[in-house]
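Asker: sequence first, then the predicted structure, then my questions.
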Amino acid sequence: MTDIRVFDTALIRRRKARALAQGGDHDFLFREVADRLYDRLSDVSRTFGPMLEIGARDRFLADRLARAGKARTAILCGNTVPDRAQAAGQFILVDEERLPFGDRKFDLIVSNLALHWVNDLPGTLVQVNRALRPDGLFQAAVLGGETLHELRACLMDAELEVLGGVSPRISPMVDLRDAAGLMQRAGFALPVVDTDRITVTYADAFRLMADLRAMGEGNAVIERRKSFTPRAVFLHAAALYADRYAGPDGRISATFDILYLHGWRPSESQPKPLRPGSAGARLADALDTDEKKLP
């Protein structure tokens with residue numbers, strides 16, 4: 001673990017608890033991505049033993065995996081207790097950056113849109129790798145890439161024009177290349193990182209920002225502006241958003257880039273790459289073409 005502190009974890013915890021208490025249909029993005037994670041895991045022709053879900057908001061993903069017979073037992077953990085998970089007696093209240101599990105405990109570890117809030121993502125990934133059994137699988141969905149780039153640009157421009165300066169309004173996001181490098185540094189075997197874009201439309205920027213608050217996904221950057229922000233900033237940002245990103249129907253678009261992290265705990269049973277020059281057949285023969293040496 002490092003002393004990196006980008007996010008206000010106490011604030012994140014309070015906002016998640018408030019979002020869970022309010023209920024409603026604002027968790028649509030989490031449910032959509034949970035479905036996509038489930039589809040990816042269902043393609044793995046294997047039944048897992050103990051499973052851990054990090055940052056669980058509810059039992060949605062774990063329940064689906066259990067019903068499909070993909071995981072025999074499930075433990076859910078996070079820093080805010082969902083009611084249904086608590087009732088099931090399978091939830092552990094923990095700091096998601098300090099997992100209280102020993103080495104080689106789980107066959108499968110998953111996370112649905114939670115790890116973008118950890119301060120030390122490399123350290124968390126190392127802990128996840130250690131908690132997996134050999135040939136255990138880690139699969140997670142993380143907000144990254146150009147997520148909410150429209151809102152970020154409009155808020156920055158509005159704040160600059162109205163107040164003469166800017167402050168962080170949207171969390172920093174990991175990109176595809178950096179995520180792949182982090183998986184390799186954490187020691188995962190056969191790491192794969194890919195991305196999926198989800199575009200959501202809203203009546204206006206105020207509806208978008210209200211949805212983000214209801215999700216518990218509001219601004220929690222430590223260096224955010226702590227003083228009152230004049231309403232003129234948000235009015236101007238909403239006007240810029242409508243001018244730049246509204247469709248023919250007048251609705252604005254909001255981008256959510258989902259990064260999917262996939263990696264295995266190293267094991268002797270896993271396939272190993274052949275050493276260079278050890279091939280037993282020529283590529284030219286397979287392609288039915290002539291081989292030409294470079295000058």
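Answerer: Noted; the coordinates are in hand.

Asker: all contacts plus neighbour counts: C-alpha atoms, from now on.
Answerer: Noted.

Asker: mind checking pLDDT for Ile170?
Answerer: Reading off the confidence values, Ile170 has pLDDT 84.

Asker: can you confirm it is in a helix?
Answerer: No. Looking at Ile170 with DSSP: H, G, I helix; E, B strand; the rest coil, it is coil, so not inside a helix.

Asker: separation between it and Gly55?
Answerer: 20 Å (C-alpha to C-alpha, to the nearest Å).

Asker: so for the two, which sits in the more crowded spot?
Answerer: Gly55 (23 against 20; other C-alpha atoms under 10 Å).

Asker: pretty sure that one contacts Ala62?
Answerer: No. Contact status for Gly55 versus Ala62: not in contact, 11.8 Å apart, counting by C-alpha atoms under 8 Å.

Asker: now Glu268: which helix or strand?
Answerer: Using DSSP states H and E, Glu268 sits within no helix or strand.

Asker: spit out the contact partners of the nearest residue to Leu163 once chain neighbours are set aside.
Answerer: Distances taken as C-alpha to C-alpha, 6 or more residues apart in numbering place Val233 nearest to Leu163, at 7.9 Å, with adjacent residues excluded. Val233 makes contact with Leu155, Ala158, Glu159, Val162, Leu163 under the criterion C-alpha atoms under 8 Å, 6 or more residues apart in numbering.

Asker: ok so Val233 is a helix residue?
Answerer: Yes. When three-state DSSP is applied, Val233 is found to be in a helix.

Asker: what's the pLDDT at it?
Answerer: Reported pLDDT for Val233: 96.

Asker: ok, Arg59 next?
Answerer: 76.

Asker: what's the spacing between it and Leu76?
Answerer: 8 Å.

Asker: of those two, which one has the most company?
Answerer: Between Arg59 and Leu76, Leu76 has the larger neighbour count (other C-alpha under 10 Å), namely 27 against 21.

Asker: doesn't the more buried one lie inside a strand?
Answerer: Yes. Counting by three-state DSSP, Leu76 falls inside a strand.

Asker: now it: how far from Phe60?
Answerer: In terms of C-alpha to C-alpha, Leu76 sits 11 Å off from Phe60.

Asker: sorry, back to before: specify which member of the contacts of Val233 is nearest to Leu259.
Answerer: Among the contacts of Val233, Leu155 lies closest to Leu259 (C-alpha to C-alpha), at 24.1 Å.

Asker: host element of that closest one?
Answerer: Going by DSSP H and E, Leu155 is in helix 149-163.

Asker: alpha carbons of that helix, in CSV - could you do that?
Answerer: Taking Å, rounded to 0.1, in the frame of the first residue of the first chain, the C-alpha atoms of helix 149-163 are listed here in CSV:
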residue,chain,number,x,y,z
HIS,A,149,-15.9,13.8,-20.8
GLU,A,150,-18.7,15.9,-21.9
LEU,A,151,-19.7,17.0,-18.4
ARG,A,152,-16.0,17.5,-17.5
ALA,A,153,-15.4,19.9,-20.4
CYS,A,154,-18.6,21.9,-19.9
LEU,A,155,-18.0,22.3,-16.1
MET,A,156,-14.4,23.3,-16.6
ASP,A,157,-15.3,25.9,-19.3
ALA,A,158,-18.2,27.3,-17.3
GLU,A,159,-16.1,27.6,-14.1
LEU,A,160,-13.3,29.3,-15.9
GLU,A,161,-15.6,31.8,-17.6
VAL,A,162,-17.7,32.6,-14.4
LEU,A,163,-15.1,32.3,-11.7
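
Asker: and the contacts of that helix?
Answerer: So helix 149-163 is contacted by 165-167, 169-170, 205, 232-234, 236-238, 240-241, 245, 254-255 (C-alpha under 8 Å, 6+ apart).

Asker: many thanks, we can stop here.
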